[in-house]
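J.: prediction below, plus the sequence it came from.
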Amino acid sequence: MLEAVAWAAGIVCLAYVGVRHLDSVNSNRESMRRFAELTAEHRRGGSVDVTLWLEARIAAWHRTRDRSGPTPLAILRIPRIGLEVPVLEGTDELTLNRAVGHIEDTALPGGVDGNIGIAGHRDGFFRALMNVVPGDAIDVETLHGTEQYTIERTWIVTPDDVSVLDPTTERSVTLVTCYPFYFVGSAPQRFIVRATSDTSRDTVAAYHLLSPPTSPATR
């Protein structure tokens, strides 16, 4: 009887693993299909608002959007300002003409802790950043799902201040573009947007709620 029970338990476990594997495969296929659809839509220009863009940037985007390239790392959305754009790897001119770019040596999108650096042109996709305010939501969709962030602050730095891309202990996103937005010529400053993950914030809040208060004598 014990042998029969063991065999039955083993079969149930194998069946469970098989179902989970199929679910995972189907989920990945659906995510890949959705990414393909989003990328195709952006190449057609179906969901891109170029109202604020410089004419030269619009022309550059049209020249490059149909070129074949790697699958986006993520889709970046800021719903309140109507921004939705693929995140590609790298920050070269071709990449930033087509989309926005993941900055090398920063955390990758996809649910890992750290600081995700993303750059974009001030006269293209990231011109709309001039309208963001603290409290605005940012969504980062990857093949692993969608992670939600909330903008904490914006500030202006010089181009050589790369400390904005330093690693962070919590999950965060740092958006970088040139500033002023309508400056003629090479812009002398950088506009920075910092957002932190809602999950990270909830985890920290839960930790403080569960931790006993510290008495003045032990501080």
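T.: Noted; the coordinates are in hand.
J.: list the contacts for the nearest residue to residue 98 once chain neighbours are set aside?
T.: In space, and not counting its chain neighbours, residue 98 is closest to residue 64: 4.7 Å by CB to CB, 6 or more residues apart in numbering. From N, CA and C alone the C-beta is placed, and that goes for glycine too. Neighbour list for residue 64: 94, 97, 98 [criterion: CB atoms under 8 Å, 6 or more residues apart in numbering].
J.: can you lay out these as a markdown table showing secondary structure, distance to residue 160 and neighbour count?
T.: Output for those, formatted as a markdown table (DSSP: H, G, I helix; E, B strand; the rest coil; distance: CB to CB, whole Å; neighbours: other CB atoms under 10 Å):
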| residue | secondary structure | distance to residue 160 | neighbour count |
| --- | --- | --- | --- |
| 94 | helix | 25 | 14 |
| 97 | helix | 24 | 19 |
| 98 | helix | 27 | 25 |
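J.: mind putting those residues in CSV, distance to residue 187 and pLDDT included?
T.: What follows is the contacts of residue 64, written out as CSV (distance: CB to CB, whole Å; pLDDT from 0 to 100):
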residue, distance to residue 187, pLDDT
94, 20, 92
97, 17, 94
98, 21, 92
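J.: nearest to residue 155 among those?
T.: Closest to residue 155 out of those is residue 97 (26.5 Å), distances taken as CB to CB.
J.: verify the contact between that closest one and residue 58 for me.
T.: No - Residue 97 is beyond contact range of residue 58, at 10.2 Å (criterion: CB atoms under 8 Å).
J.: return the set of residues that bridge with residue 177.
T.: residue 191 (DSSP bridges).
J.: only alpha carbons, please: show the lengthiest strand in the chain as PDB.
T.: Secondary structure of the chain read by DSSP state E shows that its longest strand is strand 145-157. Output in PDB follows, covering the C-alpha atoms of strand 145-157 (Å, rounded to 0.1, in the frame of the first residue of the first chain):
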ATOM      1  CA  GLY A 145       5.200  41.000 -16.500                       C
ATOM      2  CA  THR A 146       4.500  44.700 -15.700                       C
ATOM      3  CA  GLU A 147       6.200  46.500 -12.800                       C
ATOM      4  CA  GLN A 148       4.700  49.700 -11.500                       C
ATOM      5  CA  TYR A 149       6.800  52.700 -10.300                       C
ATOM      6  CA  THR A 150       5.900  56.100  -8.900                       C
ATOM      7  CA  ILE A 151       7.900  59.300  -9.700                       C
ATOM      8  CA  GLU A 152       9.500  60.600  -6.500                       C
ATOM      9  CA  ARG A 153      11.400  63.600  -7.900                       C
ATOM     10  CA  THR A 154      12.900  65.400 -10.900                       C
ATOM     11  CA  TRP A 155      16.000  67.500 -11.000                       C
ATOM     12  CA  ILE A 156      18.700  69.000 -13.200                       C
ATOM     13  CA  VAL A 157      22.400  68.000 -13.400                       C
END
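J.: same for that strand, what does it pack against?
T.: strand 137-142, strand 172-179, strand 189-197, helix 198-210 (3 or more CB pairs under 8 Å, 6 or more residues apart in numbering; DSSP states H and E).
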